[in-house]
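>>> okay, sequence plus prediction incoming.
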Amino acid sequence: MTSGAPPAAAVVRSAPRPPVPTSMRRRRLVALAGLLVLLVGCCFASVAVGAKEIGIGDVWRAFVAYTGTENDIVIRSLRVPRTIVGVLAGAALGLAGALIQGHTRNPLADPGLLGVNAGAALVVVIGIYVFGVTSLLGYVWFAFAGAFAAAVAVFVLGSMGRGGPTPVTLALAGAAVTAMLGAFTSAIVLVDVQTLDAYRFWAVGALAGRDAAVAAQVAPFIGAGTLIAFASAPALNALALGDDVATSLGHDVRRTRFVGVVAITLLAGAATAACGPIAFVGLVVPHVARSFTGPDFRWLLPVSALLGAVLLLVADVVGRVVVRPAELQVGIVLALVGGPFFVWLVRRRKMVQV
């Protein structure tokens, strides 16, 4: 090699980005547009369908000609806030799932891998047992504090050593912290029946009873997490090529992973605080989204957000219908449907790799 030859890093950095095929670009745009339309339809179904039968005309009048009737109150005070919380939580979990799978390069990773669910559960139990908290508004702040503390602990443990945080160390630290926090949670609820009774209604995962105050409390955190997630999409694309390549392209791998943990904590922590631990959304949604968008996180993240919101609203509507006039919680519906669906997804020969 002559002395005037450019270094390898410069060659990699100056390499032109391969053009995106027209068919893939069209598929991505169609997926985004279709999910937006589907989300609007799901929002309408979430407002119109419930244990109390309300006609389409009455639903419309509740928005344009509010008179304070029983139907108007049900629509505006109960179903609309519940729908908003469902959209926020579903989008947050879908985004968090795509982020955690990208940062760990693990197709089986979900937001709970960082200990978010376990941390939220433990602090909610402490709030009930020690401070006597019984309201959903009280649960929100305790759950978010626990989720944040657990994620910080996982990141600190996963960052120990010369190599800093890596997909393997983060996964191992998350598994260890989750097991430890789960043991503490079980110990508390086993010694106090009243705490167990209050905790189990939050732990099942539900949208019922979530009002506008809950939505207002978690919306800023989800908004901040969404902005951070979208801003980190180029760095995630570089990380997918490997840490060495990402470094050669000018990305600080340690900082990128720290920013990713912050975004995941904000998104998953807020969603868990609002609705309780909800499984399978963060695990399944990124795989389905990747089949439309490919591995490019600039498209994968928004599609995952929309798909997560759609999935959560559909599950909530199904739960209201199948056992009417009673209600099946959305966490139960997703567990019943998500498990078999994910097994089918994993067994597909053409499953898109992370």
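Received the coordinates, thanks. Numbering: from 1, shown residues only.

>>> secondary structure element holding the residue minimising distance to the centre of the chain?
For the chain, the residue sitting closest to the mean C-alpha position, by C-alpha atoms, centre = their mean, is Leu93 at 0.9 Å. Leu93 is part of helix 80-104 when elements are defined by DSSP states H and E.

>>> returning to that earlier point: test my guess that the residue nearest to the centre of the chain contacts Leu312.
Yes - if you go by C-beta atoms under 8 Å, Leu93 and Leu312 touch, sitting 7.3 Å apart. All C-beta spots, glycine's among them, are computed from the backbone N, C-alpha and C.

>>> need the residues touching each of the two.
The overlap between the contact sets of Leu93 and Leu312 (C-beta atoms under 8 Å, 6 or more residues apart in numbering) consists of 278, 281.

>>> contacts only, for Phe155.
Phe155 makes contact with 114, 165, 170, 173, 257-258, 261, according to C-beta under 8 Å, 6+ apart.

>>> check the gap between it and Ala89 for me.
Note on Phe155: its distance to Ala89, by C-beta to C-beta, to the nearest Å, is 23 Å.

>>> please apply the same query to Val156.
From Val156 across to Ala89, the span is 27 Å (C-beta to C-beta).

>>> where do the strands sit along the stretch 151-300 of the chain?
Read by DSSP state E, counting those that start in this stretch, the stretch 151-300 of the chain holds no strands at all.

>>> any weak-confidence spans in the stretch 251-354 of the chain?
When residues are selected by pLDDT under 70, those of the stretch 251-354 of the chain lie in 345-346, 348-354.

>>> hang on, I meant the stretch 1-150 of the chain
1-20.

>>> can you give me the helices in the stretch 151-300 of the chain?
All helices of the stretch 151-300 of the chain, identified by DSSP state H, counting those that start in this stretch, fall at 167-191, 193-203, 212-231, 233-239, 243-248, 253-275, 281-293, 297-322.

>>> packing partners of the shortest one?
Under the contact criterion of 3 or more C-beta pairs under 8 Å, 6 or more residues apart in numbering; DSSP states H and E, the helices and strands touching helix 243-248 comprise helix 8-14, helix 233-239, helix 253-275.

>>> residues of it that come out buried?
Of the residues in helix 243-248, 243, 246, 248 count as buried by neighbour count, 16 or more other C-beta atoms under 10 Å.

>>> between these, which is nearest Pro286?
Among those, Ala246 lies closest to Pro286 (C-beta to C-beta), at 19.6 Å.

>>> burial measure for the residue nearest to the closest one when sequence neighbours are not counted, as a count.
Distance criterion C-beta to C-beta, 6 or more residues apart in numbering; nearest residue to Ala246, sequence neighbours excluded, is Ala238 at 4.0 Å. Counted by other C-beta atoms under 10 Å, the residues lying close to Ala238 total 19.

>>> can you start the count at 249 instead of 1 from here on
Done: numbering now begins at 249, and the last item shifts to Ala486.

>>> got the contact list for Ala486?
Each residue near Ala486 by C-beta under 8 Å, 6+ apart is listed here: 493-494, 497, 499.

>>> just the closest of those to Phe392, please.
Once C-beta to C-beta is applied, the member of the contacts of Ala486 that ends up nearest Phe392 is His499, at 29.2 Å.

>>> now the phi/psi pair for the closest one, please.
phi -100, psi 140 (degrees, to the nearest 10).

>>> surely it is in contact with Asn485?
No - judged on C-beta under 8 Å, His499 makes no contact with Asn485 at a distance of 9.6 Å.

>>> how near is the residue nearest to Ala494 to Pro543?
As for Ala486, its distance to Pro543 is 12 Å (criterion: C-beta to C-beta).

>>> re earlier: now the buried residues of helix 491-496 as JSON lines including pLDDT and distance to Gln349?
Formatted as JSON lines, these follow (pLDDT from 0 to 100; distance: C-beta to C-beta, whole Å):
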{"residue": "Asp491", "pLDDT": "83", "distance to Gln349": "16"}
{"residue": "Ala494", "pLDDT": "86", "distance to Gln349": "16"}
{"residue": "Ser496", "pLDDT": "88", "distance to Gln349": "23"}
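
>>> on that earlier part again, the more surrounded of Val404 and Ala337?
A direct count of neighbours by other C-beta under 10 Å for Val404 and Ala337 places Ala337 higher, at 34 against 12.

>>> check contacts around the more buried one.
Ala337 touches 455, 466, 518-519, 522-523, 526, 560, counting by C-beta under 8 Å, 6+ apart.
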